[in-house]
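> Requesting a structural model of the entry that follows:
(chains A and B)
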2 protein chains.
Amino acid sequence: MTEIKFESIGVVQTSYKTLENMPIQPMGAKGVKASIVLNDEFVDGLKDLEEFSHVILIYHLHKVIDYKLKIIPFMDTEEHGVFATRSPRRPNAIGISTVKLIGVNGNIIHIEDADVLDGTPLLDIKPFFGQFDNREHVKSGWLDRKWDEKHITLKSDKRFKTSVE
Amino acid sequence: MTEIKFESIGVVQTSYKTLENMPIQPMGAKGVKASIVLNDEFVDGLKDLEEFSHVILIYHLHKVIDYKLKIIPFMDTEEHGVFATRSPRRPNAIGISTVKLIGVNGNIIHIEDADVLDGTPLLDIKPFFGQFDNREHVKSGWLDRKWDEKHITLKSDKRFKTSVE
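Residues are numbered from 1 along each chain as shown, chains lettered A, B, ... in the order given. Predicted coordinates for the structure are as follows:
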């Protein structure tokens, strides 16, 4: 495998200090305020970002220390391949979240709906654009079935306790 | 900045051998067939992926050698902060694309709409789930305006020639 190096461009500050009871996906964190502290050197890159209502955050799931190729995700009782889940225990611990952008003030970006741990190292911010990012006529296998059965919980439990602090 | 290391889990094979005339965003590559060659060691992670119609690919924009904090993107004639664009010349050269999943055959994943260069190192595959990933009532600043003016082109030009081979 080829090693690829990135560097954190800032940090996400949230009220979630431990993995337990973390929201699962931005909809589990709906309305919860958070902020991004961007490293000062990147502030010029924020020009015009404020015109967007949503941004996609890409970040390092920094508390994950191993991965599992087959996993029982929070939202199911059956095992699936990790690439068919949004589990954090992935070969590369990269997370993505589309969050609401509230405002930009210097190197501080105010956001809502951030389903990430406090202190999460940020890798990238991309503007959300419906014409690029939304999809219609989507089939989502086991996730559709669980959603229809209303079996989905949007809070985490101790399942990944071994993989994080 | 904190260094974060990832490893490629496979490679995306497409018909796009050079950056010129590359599609911009999956909608610029609509219907174009491509494939992922996943490293054999990760094949177990694909269980049940085939039930999904779309997957989110996260990958290394491996031909980008530098970044620019303010940039004139393909789709505009004015400068914006890089985090308010989808330009590849970002502080961390990470790309995301939501593509159509056609089928899985061993370690080969057949996809459509992949707007990436042939040989792109893959970092992650996540299942697309409308309830998590779609957003309504989105405002997208300059992108909305350009879209409405039908000024958007979905093919690249030589603009990023200095940053890639």
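> drop to CA atoms for contacts and neighbour counts, all remaining ones
Fine.
> Just the strands from chain A, written as ranges.
For chain A, the strands defined by DSSP state E occupy A:3-7, A:10-13, A:33-38, A:54-60, A:70-71, A:80-81, A:94-105, A:108-112, A:120-127.
> Does the second one pack against any helices or strands, and if so which?
Yep, that's strand A:10-13 we're talking about. Contacts defined by 3 or more Cα pairs under 8 Å, 6 or more residues apart in numbering or on different chains; DSSP states H and E place strand A:10-13 against strand A:33-38, strand A:120-127.
> How far away from the center of its chain is that strand?
12 Å (Cα atoms, centre = their mean, to the nearest Å).
> Tell me the strands beside that strand, with direction?
Paired strands of strand A:10-13, with direction, are strand A:33-38 (antiparallel), strand A:120-127 (antiparallel) (DSSP bridges).
> quick check: longest helix of chain A.
The longest helix of chain A (DSSP state H) is helix A:141-148.
> any idea of the angle it forms with strand B:120-127?
Calculated by axes from the mean of the first three to the mean of the last three Cα atoms, to 10 degrees, helix A:141-148 forms an angle of 30 degrees with strand B:120-127.
> by contact count, what packs against helix A:141-148?
Secondary elements touching helix A:141-148 (3+ Cα pairs under 8 Å, 6+ apart): none.
> still on that earlier bit, packed most tightly, which of the strands paired with strand A:10-13 would that be?
Neighbour counts (mean count of other Cα atoms under 10 Å in any protein chain shown) averaged over each of the strands paired with strand A:10-13 peak at strand A:120-127, with a mean of 24.
> quick one: that strand to chain centroid distance?
Worked out by Cα atoms, centre = their mean, strand A:120-127 lies 10 Å from the chain centre.
> Could you do stretch A:75-85 as well?
17 Å.
> Can you point out the buried residues in that stretch?
Using 16 or more other Cα atoms under 10 Å in any protein chain shown as the test for burial, stretch A:75-85 gives A:75-76, A:80-85.
> Give me the residues contacting it.
The list of residues contacting stretch A:75-85 from outside it, by Cα atoms under 8 Å, 6 or more residues apart in numbering or on different chains, reads A:68-73, A:89-90, A:143, A:146, A:151-154, B:44-49, B:52, B:124-127.
> Only the buried subset of the residues you listed, as a ChimeraX command please.
In ChimeraX, this line selects whichever of those come out buried by 16+ other Cα under 10 Å:
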select /A:68,69,70,71,72,73,89,90,143,152,154 /B:44,45,46,47,48,49,52,124,125,126,127
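> Need the buried residues of stretch A:75-85 in CSV (columns: distance to residue B:13 and pLDDT).
Formatted as CSV, these follow (distance: Cα to Cα, whole Å; pLDDT from 0 to 100):
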residue, distance to residue B:13, pLDDT
A:75, 32, 81
A:76, 33, 87
A:80, 25, 98
A:81, 22, 98
A:82, 22, 98
A:83, 19, 98
A:84, 21, 98
A:85, 23, 96
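> List just the nearest of the residues you listed to residue B:38.
residue A:83 (11.3 Å; Cα to Cα).
> mind showing which ranges of chain A have poor pLDDT?
In the predicted model, chain A carries pLDDT under 70 at residues A:1, A:150-165.
> okay, the helices and strands packed on strand A:10-13 in TSV with distance to residue B:39 next?
Below are these laid out as TSV (distance: least, Cα to Cα, whole Å):
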stretch	distance to residue B:39
strand A:33-38	34
strand A:120-127	24
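> what about stretch A:76-95, how long is it end to end?
Chord length of stretch A:76-95, first to last residue, is 20 Å (Cα to Cα, to the nearest Å).
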